[in-house]
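Q: how does the following fold in three dimensions:
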Amino acid sequence: MPQPLDSAAVRRWCRIALDALGRAREDIDAINVYPVADGDTGTNLYLTVESAAQAVAAAEPAAPTLGEAARAMAHGALIGARGNSGTILAQLLRGMAEVFSTDPEPAAPGTLRRALRRAAASGYEAVAHPVEGTMLTVAVAAAEAAERADGDTAEIAAAACAGARAALAGTPGQLAVLAAAGVVDAGGCGLVAVLDALDAALSGRAPDASPRERLGRAGPPRAAGPADGAGCPEPVGAAADAADAPVGYEVTYLLDAADAALPALRARLDALGDSLVVVGGDGLWHVHVHTPEPGPAVEAGIDAGRPHRVRITALAAPAPPRGPRAARVIVSVLPGDGLAGLCEEAGAVTLTVRAEDPPGGGELAAAILGTGAREVVLLPNDDALWHPAAAAAEQARAQGVRVAVIPTRSPVQGIAALAVHAAERRFDEDVVAMTAAAGATRFGELAVAERQSWTTAGICQAGDALGLIDGDVAVIGADLSDVASDVLGRMLSAGGELVTLVIGAGAPDGLAARLEAQVRRGHLGVDTVVYEGRQSAPLLIGVE
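A: Residues are numbered from 1 along each chain as shown. Just a heads-up that it's a prediction; the model follows:
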């Protein structure tokens with residue numbers, strides 16, 4: 001069912017786009033051959049949209065208008081923009097926000113048409129030397145298709161997506177480097193995913209449709225792999241080899257400066273390098289340039305205003321030297337300080353988070369790099385953290401760290417994985433053993449419903465006790481203890497050798513003792529261990 005283009009639609013757009021780029025990230029990285037074949041376009045776009053989504057979520061309590069939500073999205077993208085593609089995407093979002101801020105909500109079809117046209121125009125204005133066959137071309141095609149379309153905003157968005165996909169498929173005919181590699185433009189590929197998310201947010205269609213079928217292709221599709229679903233082919237030939245990229249540096253920074261200082265800054269940076277993109281406005285700018293001399297590029301910013309968040313990254317540089325580092329470290333993301341203490345005793349580095357404030361890819365990358373280890377195993381311990389964890393691992397690998405992410409969906413799976421960790425094993429062998437232990441652990445959780453909603457076990461009401469097994473609601477009841485007992489019984493019906501109970505905030509008094517007695521009575525030979533996790537969920541259950 002079509003949905004209005006309002007602030008709620010912007011929130012849905014952010015959420016769907018982040019998930020889509022998370023699934024597409026590795027495939028988009030794989031086809032990144034222009035402007036530099038450094039294999040990070042998908043990761044950069046994911047991190048840019050992650051920052052945008054966080055800014056929109058932070059603005060949500062104030063019940064923002066469409067214009068305010070769109071401006072928050074654009075501002076979040078601006079301050080968190082990564083790479084050439086992320087910087088351009090930030091400017092495209094800013095162009096749309098400028099139009100949304102001037103019209104009433106919900107936005108009319110004409111408003112969306114003008115927003116897409118303004119986005120494309122502002123993208124070209126931000127790039128010093130626009131090149132056809134890139135995400136700029138895709139943005140223009142989306143705007144032109146929207147202008148030709150009739151109907152409501154959902155139909156306009158669908159037409160824009162169709163135009164963008166057609167333009168993406170044609171990018172190899174516009175850029176020789178893409179044709180040589182047999183790929184479409186990586187930045188354009190990511191922009192199609194973002195526009196497809198807008199289509200999903202407005203049309204009401206399921207957001208889990210395969211991006212592989214929605215994105216354009218050049219040449220034969222790549223074989224499906226762990227990141228299947230991204231919709232982009234694998235690069236072939238020397239053009240896809242990042243080692244062939246020119247030696248230099250990517251310099252980015254945020255800049256507080258008056259509008260009047262920008263023309264001189266652009267001219268100075270343009271003489272220092274290429275891939276120059278300057279986006280923003282209202283005194284805050286994001287500067288991106290590739291240059292063989294990073295120092296003068298930063299000095300130009302100092303002369304123009306106040307640069308901050310300065311990032312200098314080598315392009316096609318050799319792997320960083322290995323200084324004295326810890327051999328291998330396990331990083332475990334945990335929802336309570338009790339669990340953190342338990343895992344720290346077992347030798348892990350922990351990151352304690354709250355359910356209402358999950359960590360982003362940047363925070364996880366900082367935790368990985370902060371260990372100073374040569375090898376890191378990351379345990380996200382939450383389904384929702386899989387995409388940020390994968391993006392963080394990619395960032396850390398670019399810094400010379402060997403990283404493996406084990407897809408632990410619950411802290412009890414993380415505990416099981418940590419229990420079999422052996423530093424004396426080879427890295428791959430250790431990762432395989434930990435992954436097997438996590439996969440052999442069924443997990444349950446006790447929760448309290450916040451509102452009426454549909455679940456896999458039926459309709460629940462606010463205040464109901466919910467029992468989840470492997471992430472799905474299996475039991476709905478009135479009493480937490482009764483629901484916990486029911487969940488544990490169902491989990492043990494398939495057998496087990498060890499039950500782990502992690503007691504959290506709000507657990508009824510005596511719950512652990514009641515469940516331990518239940519195991520002793522009905523399941524001889526099954527051991528039980530109890531931990532005080534102090535997480536927000538009243539109870540976590542693991543059965544190995």
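
Q: please make it C-alpha for all contacts and neighbour counts, starting now.
A: Will do.

Q: map the structural domains onto the sequence of this structure.
A: 7-223, 248-314, 326-439, 444-543 (automatic domain parsing).

Q: for the shortest one, the averaged confidence score.
A: With pLDDT averaged residue by residue, domain 248-314 scores 91.

Q: with stretch 488-496 instead?
A: 91.

Q: list every C-alpha atom in that stretch, with coordinates, as CSV.
A: Once non-C-alpha atoms are left out, stretch 488-496 reads as follows in CSV (Å, rounded to 0.1, in the frame of the first residue of the first chain):
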residue,chain,number,x,y,z
LEU,A,488,13.2,-23.8,28.4
GLY,A,489,11.1,-26.9,28.1
ARG,A,490,10.7,-26.4,24.4
MET,A,491,14.4,-25.8,23.9
LEU,A,492,15.3,-29.0,25.8
SER,A,493,12.8,-31.1,23.9
ALA,A,494,15.4,-31.5,21.1
GLY,A,495,18.1,-32.5,23.7
GLY,A,496,21.1,-30.8,25.1
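
Q: gap between P172 and A162?
A: 18 Å (CA to CA, to the nearest Å).

Q: how about A373?
A: Applying CA to CA to A373 and A162 gives a distance of 46 Å.

Q: for R205, same thing?
A: Taking CA to CA, one finds R205 at 16 Å from A162.

Q: these two: which has the busier surroundings?
A: A162 (22 against 13; other CA atoms under 10 Å).

Q: now do the strands in the stretch 151-300 of the chain.
A: 248-256, 274-281, 284-291 (DSSP state E, counting those that start in this stretch).

Q: ok, which of these comes nearest E105?
A: Shortest distance between E105 and these, using CA to CA, is found for strand 274-281: 23.8 Å.

Q: report the inter-axis angle for the closest one versus strand 248-256.
A: Using axes from the mean of the first three to the mean of the last three CA atoms, to 10 degrees, the direction of strand 274-281 lies 20 degrees away from that of strand 248-256.

Q: which helices and strands does strand 274-281 pack with?
A: If you count contacts as 3 or more CA pairs under 8 Å, 6 or more residues apart in numbering; DSSP states H and E, strand 274-281 packs onto helix 83-100, helix 109-126, helix 262-272, strand 284-291.

Q: so which of these gets nearest L378?
A: helix 83-100 (24.7 Å).

Q: so what secondary structure elements neighbour the closest one?
A: helix 41-59, helix 66-80, helix 109-126, strand 274-281, strand 284-291.

Q: now with 7 Å, please.
A: helix 41-59, helix 66-80, helix 109-126, strand 274-281 (3 or more CA pairs under 7 Å, 6 or more residues apart in numbering; DSSP states H and E).

Q: quick one: that helix to strand 284-291, angle?
A: Using the same axes, to 10 degrees: helix 83-100 against strand 284-291 is 150 degrees.

Q: what about helix 83-100, distance to the chain center?
A: Once both centres are worked out by CA atoms, centre = their mean, to the nearest Å, helix 83-100 turns out to sit 18 Å from its chain's centre.

Q: any residues touching it, and which ones?
A: Residues from elsewhere that reach helix 83-100 (CA atoms under 7 Å, 6 or more residues apart in numbering): 41, 44-45, 48, 66-67, 70-71, 74, 77-78, 81, 114-116, 118-120, 122-123, 187, 279-280, 288.

Q: can you tell me the SS state at the closest residue to A462 other than its chain neighbours?
A: Of all residues not flanking A462 in the chain, R451 sits nearest, at 4.1 Å (CA to CA, 6 or more residues apart in numbering). Classification of R451 by DSSP: H, G, I helix; E, B strand; the rest coil places it in coil.

Q: quick one: R451 and A465 touch, right?
A: No: using CA atoms under 7 Å, R451 is not in contact with A465, being 11.5 Å away.

Q: those two - which one has more neighbours?
A: A465 (23 against 11).

Q: show me the contacts for the more buried one.
A: 447-449, 476-480, 483.

Q: repeat the analysis, applying 6 Å as the threshold.
A: Applying CA atoms under 6 Å, 6 or more residues apart in numbering to A465 gives the contacts 448, 476-478, 480.

Q: adding neighbour count and pLDDT, write the residues you listed out as a markdown table.
A: Shown next, in a markdown table, are these (neighbours: other CA atoms under 10 Å; pLDDT from 0 to 100):
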| residue | neighbour count | pLDDT |
| --- | --- | --- |
| V448 | 21 | 93 |
| I476 | 25 | 95 |
| G477 | 18 | 94 |
| A478 | 13 | 94 |
| L480 | 23 | 94 |
